[in-house]
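**Q** test case, fold it:
(chains A and B)
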There are 2 protein chains.
Amino acid sequence: MTVFSRFCVALLCMMPYALCIDATQVKSPNGNIVLNFTVEQGRPVYSLTYKGKEVVRPSHLGLELAKDKHASMGLDERDLMDGFTLTQENTSSFDETWQPVWGETKDIRNHYNEYVATLTQQWRTAPPAAKSGMRMQPRLHRRWINIRFRVYDDGIGFRYEFPQQPELNYFLIKEEHSEFAMAGDHTAWWLPGDYDTQEQETQESKLSEIRSRMKEAVNWGNSSVAVFSPTGVQTSLQMKSVDGLYINIHEAACADYATMHLELVDAETEALTTELQGNSNVYTPAPTPSDYPLPQPFTFVSHLTPDATGLKGAMQTPCETPWRTVMVSDDARDMLSNNLILNLNEPCALDDTSWIHPTKYCGVWWEMIVGKSSWHYTDDVPSVKLSTFNYQLATPNGRHAANNEKVKHYIDFAAKNGLDEVLVEGWNIGWEDWANMWKRDVFDFQTPYPDFDIKMLNDYAHSKGVKLLMHHETSSSTQNYERHMEKAFQLMNKYGYDAVKTGYVGDIIPRGDHHYSQSMNNHYLYVVKEAAKHHVMVNAHEATRPTGLCRTYPNLVGNESARGTEYEAFGGSRPDHTCILPFTRLQGGPMDYTPGIFVTKLSEWSDNTSWARITIAGSLALYLTMYSPLQMAADLPEHYERFDDAFQFIRDVACDWDESIYLEAEPADYITVARKAKGTDNWFIGGKCDENGHKSTIKLDFLDKGKKYDCTIYADAKDAHYEKNPQAYTITKRVVKAGDLLKLTEAPGGGFAVSLIAK
Amino acid sequence: MTVFSRFCVALLCMMPYALCIDATQVKSPNGNIVLNFTVEQGRPVYSLTYKGKEVVRPSHLGLELAKDKHASMGLDERDLMDGFTLTQENTSSFDETWQPVWGETKDIRNHYNEYVATLTQQWRTAPPAAKSGMRMQPRLHRRWINIRFRVYDDGIGFRYEFPQQPELNYFLIKEEHSEFAMAGDHTAWWLPGDYDTQEQETQESKLSEIRSRMKEAVNWGNSSVAVFSPTGVQTSLQMKSVDGLYINIHEAACADYATMHLELVDAETEALTTELQGNSNVYTPAPTPSDYPLPQPFTFVSHLTPDATGLKGAMQTPCETPWRTVMVSDDARDMLSNNLILNLNEPCALDDTSWIHPTKYCGVWWEMIVGKSSWHYTDDVPSVKLSTFNYQLATPNGRHAANNEKVKHYIDFAAKNGLDEVLVEGWNIGWEDWANMWKRDVFDFQTPYPDFDIKMLNDYAHSKGVKLLMHHETSSSTQNYERHMEKAFQLMNKYGYDAVKTGYVGDIIPRGDHHYSQSMNNHYLYVVKEAAKHHVMVNAHEATRPTGLCRTYPNLVGNESARGTEYEAFGGSRPDHTCILPFTRLQGGPMDYTPGIFVTKLSEWSDNTSWARITIAGSLALYLTMYSPLQMAADLPEHYERFDDAFQFIRDVACDWDESIYLEAEPADYITVARKAKGTDNWFIGGKCDENGHKSTIKLDFLDKGKKYDCTIYADAKDAHYEKNPQAYTITKRVVKAGDLLKLTEAPGGGFAVSLIAK
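**A** Numbering: from 1, shown residues only, chains lettered A, B, ... in the order given. Below you'll find the predicted structure:
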């Protein structure tokens, strides 16, 4: 098989501004994917096909640089957009199998063909003002970048690389202009582009409908705070073409770089208006017109998250952008089993990972989310200053959840049911006025409330084989967190915590920065690295969406970065929500979705009229379909005690796996997956569907031949329904062997869960 | 004496929006200063007289608040500008004498009359949308602030105070509008207003000439980066009226608040143009028009330093602004002996101050400033990344100053001459590309260059009774500094450093922030507080201008915050520069001016053609006239060895004092001061003049009667001149007693120094 071919080898050295429209072609190992790359009129262009079908039509690549007053930075403000000559090409192949510290499978194969194009700019600048009549020569400038492509059987990744060189040491990015020209008006599952939140409900529409749907998308019970464009969407973006291709655009290894959004060029883009400005939720920054012509409609163009000054990044060579990923298949299941994003990340950077472990946990949390109890301790004052307020003298409000008695109750529950850890939110002082006040010194992460005896509770937990799970809500005051972080981790080490849930609610302090900017992405990873020094696992909420960095730093065991279960208490999420997330949010890494709500109508036990659009069997399925090494049993212990036979599945289910087989999948419709528990012969199967229900026939051909399995099926009862009858389930037991069939019916908004314990 | 009088007591409770034009009058202890305060049409107004002469004409006070999307902040975006009723008045007197840890005098008397006006706003907002046909009442809002005045014999301070209350817990400041209406077209010594530098040459002009002089002021060899207005100036602002009043406006105790500038309302203010925008050095932010009418010409209005979003401050009650100070006298010497700003600061916050000590030092510094040697170690690469660059393999450039041999030479010099410490800049890795690159991870403050043996050198110094003085250049990457600071201080403790010179060269990272913003002012003080925990003294360069916080945190032993001696290597400063600084920059605290340049023509020993506009005798005078507990002998050891008889004065002079008597003073002309060395009977006198020379007749009536003193006079020789003959000096010795006269002639740009050692 000819992996690399070149139809036209221009004599580039002799033709520095040569126009070469003949492309280099790079095929994936099995040949299904073909990448074309060329330089056209000085601009790099790539395109992509899958089994001969267009996936990405010819699309430009490049970066616009910002003008900076520091002439010493050595640039004359020339962009990295055009004027390029292809001066070198390198190709190679790679095939390796590696083992993640935790994951969906024991082994991951990283198999690709690589192509690196070196692109050179040369230009002359006017000579410096001539002194004493001397004739000065124009100065010749030369600099180069690489664009590196990795072509897999299930997609590609590419990134820009900036080697260190005399004329490229520092630069500021005004905007990255990576194009992804779609071949048609695909169906897309998208979130409004936003610099600070990704907790919206997913929109399903044609690309051509994004603009008209944007207002609704922003207003629909969402918390958008910085929508940047009427056609701006977030990644990972899942699409489906009319001819049956599943296409996903995202990024990998976004470490010290701004998070990428995508802005769609549609028929109306030329008349980009400020139509969203009337919406008070929507922040429209000053337009930044580009000198470069707009691409064709149905083209996505990268749009990076700005810093407080509107710039997108400060770079020092040698450096590179994150990988831009395009995954593609004609089988939706491949979108879920795809490891392209993990593969594009660097190998594990930690020498010792023995302290990292998948974790099942419960927590003092849901009753605060629902509004029945409080994070804060006292109602005495409208605001507190940590340095002066005396909590010992304050009147308890009687609703503070993180108290000794309640936490002991949760510890007892965890111990009894084999849960590893107990999260406790609201344990530390400062919750009286923690959010949305632009309050810098909001928490110290070290001082417990008077009714939370940190030593006693940890001792008590440890005596029962359980750990407490730390909580650091930063209130997005990142400077404050960094000032206290070392001592906060020392406190964790002292009392035996080994995991922290961090939170970034509200606007970033320093003011003007955004959740997904370069500096914030640096912050999140700084926290993960500092935590690793203390052998602390991190589960960051409201942080930037993951891009596979958990391969390199496997103590990053979870993120929120999407609409989690908490929204079931804030008006609810659609039943198909969890059938979309694995195609979108989960591409970059696991989500701490906090599943397991059994009492879905919150008014049964609180004043909250919101309700979860899911059946109990569906909730059980999420422990399989929403892969995470961190799984919460989020509901109250007493609710689980009411449905203890169903809770048995949560007790049994693993959260680390040797093998995972996606049996069925269709975005926003259904997902069925079978997983083999780590180091065992036991399998678990989960199926989750949307509001329409679903019928599954599962052939157990993945079981070990000759073995028998105790099979327990947790299914929706016949009349189950996510709204009308969510708590109707059946539990049946039988013995099965390889090749047997399971026929299962999922109710509207329901699902099923199956455990297969090898006899 | 009637200290407080009120001519009209309005029945305020019954007249919530009463117009009361009769003012409260508050006199200073000796009655020379009279403050008037009233509320006029709902706006607070104050004025000030000195011995019956107008100092501040009626001037409004108030703050404009920013609209914020967080309705939860509890404000309906109403300003704190008008609609006020005077609802309470409190008066009191205070007289206390306190002892600074270090200072110009052993005792400081804090004697004032205080007046606190409580101002209340009441307003109604429309009722919430009526539900089920109920008639809803408009909601009544009420909140109050205090304005606290302290009236001294030599000036006043006032501040806004914001008590905690139901309707005032958090607010964002759009602008503070404190007015200072001058009574005439005074002469002013001013710096262009700038958010990031105060290292310009001082301008001397009439107030009416500020606008026309601004361009020149900005361009004149200055480094202005963020000039905000064509009539914006910095504080401390020294003025002189045509009728002989010396007036100074500054601030005290600016801790967690933006630094104040002053914007002059002049005849052209109504037509505020962007005339400065053509100047590429000048950054003109978007204009922020106010709804409030402009005050009369010759009025200064406060202008705070913004954050990256343009806002001026985020406040949480209870809180207060810094004190705004107006010092006044008809004797210029009173401007220098005035302790008003220290008095307005809080008492010492440190329990133990035994480790804080005035310090004379030399350092590996001047030869880098002049350009003869380098801070950086290697020329191998155009940029370095600390995490990967291997300095052990790099080629030394041969010009790196902070090497073992040279540092030992400086240690020997310090030990021989009784200097306490040796500053070493350029000791730590990262200097290859440290400035103006937007480089976040620029230094680690912990790793020495290969040729700097940190243990050996500290051991060597200590064996000779000398300490090394640490240097932390942050490159204004404050986040990076805060990340490394704790470990950097631990390193200092480990090796026995007890003082650090910090630096903030270049633009602030996070980008968009400014050197004098609220967050940066918080940062500088955070460093001082963290340093105190490690018993480390701080001398912060390029940080915000001091406002007397050294009273509260006496480990803040110095600041630069003005044009220091380094500019003698960057083109030079005018000879009158050091006759202005004590009236302006030094009002808020000591300056690490780094005096003592003996070889003023730098071309004598380097390629630098710049030269210092001062005589050797003038340089000696600076150790008296530029008060600081931290005094550097900045020139090279070999230069001092050439003039060892003159250097004897630097060996002898104290840097901590029991008494200080300003004998003569006129801004920009001359300053003569006599100081009694701490804990001794010895006196030192210094006189410094401008380019015109000066004749002094000093009556030694401050000496102890009956005692005799060995008097050594270091004077300009007859033909001495700052340019033509700077190294011509005479040294004469005699024995003197109380009441004797010294007649001294200062050359142009010269001065004199006298030591009086009690026999």
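
**Q** my guess is residue A:57 contacts residue A:47. True?
**A** Yes: between residue A:57 and residue A:47 there is a contact at 5.7 Å, judged by Cβ atoms under 8 Å. C-betas here are computed from N, CA, C, even on glycine.

**Q** okay, and the common contacts of the two?
**A** residue A:181 (Cβ atoms under 8 Å, 6 or more residues apart in numbering or on different chains).

**Q** ok, now which ones touch the residue lying closest to residue A:309 once chain neighbours are set aside?
**A** Once flanking residues are discounted, residue A:309 sits nearest to residue B:512: 4.2 Å by Cβ to Cβ, 6 or more residues apart in numbering or on different chains. Contacts for residue B:512 (Cβ under 8 Å, 6+ apart) come out as A:307, A:308, A:309, A:512, B:307, B:308, B:309.

**Q** let's see it at 10 Å
**A** Applying Cβ atoms under 10 Å, 6 or more residues apart in numbering or on different chains to residue B:512 gives the contacts A:307-311, A:510-513, B:306-310.

**Q** closest to residue B:613 out of these?
**A** residue B:306 (35.6 Å; Cβ to Cβ).

**Q** re earlier: can you turn the buried part of the contacts of residue B:512 into a PyMOL selection?
**A** In PyMOL, selecting the buried portion of those, with burial taken from 16 or more other Cβ atoms under 10 Å in any protein chain shown, looks like this:
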select buried, (chain A and resi 307+308+309+311+510+511+512+513) or (chain B and resi 306+307+308+309)
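
**Q** so residue A:700 makes contact with residue A:736?
**A** Yes: with contacts counted by Cβ atoms under 10 Å, residue A:700 reaches residue A:736, the gap being 5.8 Å.

**Q** okay, and the common contacts of those two?
**A** What both residue A:700 and residue A:736 touch, as defined by Cβ under 10 Å, 6+ apart, is the set A:683, A:709, A:711, A:742, A:754, A:756.

**Q** show me the residues you listed that map onto strands.
**A** A:683, A:709, A:711, A:742, A:754, A:756 (DSSP state E).

**Q** list the contacts of residue A:111.
**A** A:28-30, A:93-97, A:150, A:152-153, A:339, A:343.

**Q** ok so, going back, adding neighbour count, distance to chain B and pLDDT, write the shared contacts of residue A:700 and residue A:736 out as JSON lines.
**A** Formatted as JSON lines, those follow (neighbours: other Cβ atoms under 10 Å in any protein chain shown; distance: Cβ to the nearest Cβ, whole Å; pLDDT from 0 to 100):
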{"residue": "A:683", "neighbour count": "26", "distance to chain B": "44", "pLDDT": "98"}
{"residue": "A:709", "neighbour count": "23", "distance to chain B": "51", "pLDDT": "98"}
{"residue": "A:711", "neighbour count": "21", "distance to chain B": "52", "pLDDT": "98"}
{"residue": "A:742", "neighbour count": "19", "distance to chain B": "51", "pLDDT": "98"}
{"residue": "A:754", "neighbour count": "27", "distance to chain B": "46", "pLDDT": "98"}
{"residue": "A:756", "neighbour count": "28", "distance to chain B": "48", "pLDDT": "98"}
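
**Q** what about the lengthiest helix in chain A, distance to the chain center?
**A** Counting by DSSP state H, the longest helix found in chain A is helix A:478-495. Distance of helix A:478-495 from the chain centroid (Cα atoms, centre = their mean, to the nearest Å) equals 25 Å.

**Q** kindly report the same for stretch A:598-611.
**A** Centroid separation for stretch A:598-611 versus its chain: 29 Å, with Cα atoms, centre = their mean.

**Q** so it, near chain B or not?
**A** No: with Cβ under 10 Å from any Cβ of the partner chain as the criterion, chain B is not reached by stretch A:598-611; the gap is at least 16.7 Å.

**Q** in CSV, list the C-alpha atoms belonging to that stretch.
**A** The C-alpha coordinates for stretch A:598-611 follow below in CSV (Å, rounded to 0.1, in the frame of the first residue of the first chain):
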residue,chain,number,x,y,z
PHE,A,598,-33.5,7.3,42.2
VAL,A,599,-36.1,9.7,43.6
THR,A,600,-36.4,11.8,40.5
LYS,A,601,-39.3,14.0,41.6
LEU,A,602,-37.5,16.3,44.0
SER,A,603,-40.8,17.7,45.4
GLU,A,604,-41.2,14.3,47.1
TRP,A,605,-38.7,15.3,49.7
SER,A,606,-38.0,19.1,49.1
ASP,A,607,-39.6,22.3,48.0
ASN,A,608,-37.8,21.9,44.6
THR,A,609,-40.3,21.3,41.8
SER,A,610,-37.7,20.2,39.3
TRP,A,611,-37.4,16.6,38.3
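
**Q** tell me the buried residues in it?
**A** Buried residues in stretch A:598-611 (16+ other Cβ under 10 Å): A:598, A:599, A:600, A:601, A:602, A:606, A:608, A:610, A:611.

**Q** max pairwise distance over the contacts of residue B:512: which two?
**A** Applying Cβ to Cβ across those, the maximum distance is between A:311 and B:306, 17.4 Å.

**Q** quick one on the thing from earlier: columns distance to residue A:137 on top of the ones in strands among the shared contacts of residue A:700 and residue A:736, output as TSV?
**A** Output for these, formatted as TSV (distance: Cβ to Cβ, whole Å):
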residue	distance to residue A:137
A:683	74
A:709	81
A:711	82
A:742	80
A:754	77
A:756	78
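
**Q** which one of those is nearest to residue B:425?
**A** Out of those, the member with the shortest distance to residue B:425 (by Cβ to Cβ) is residue A:683, at 65.7 Å.
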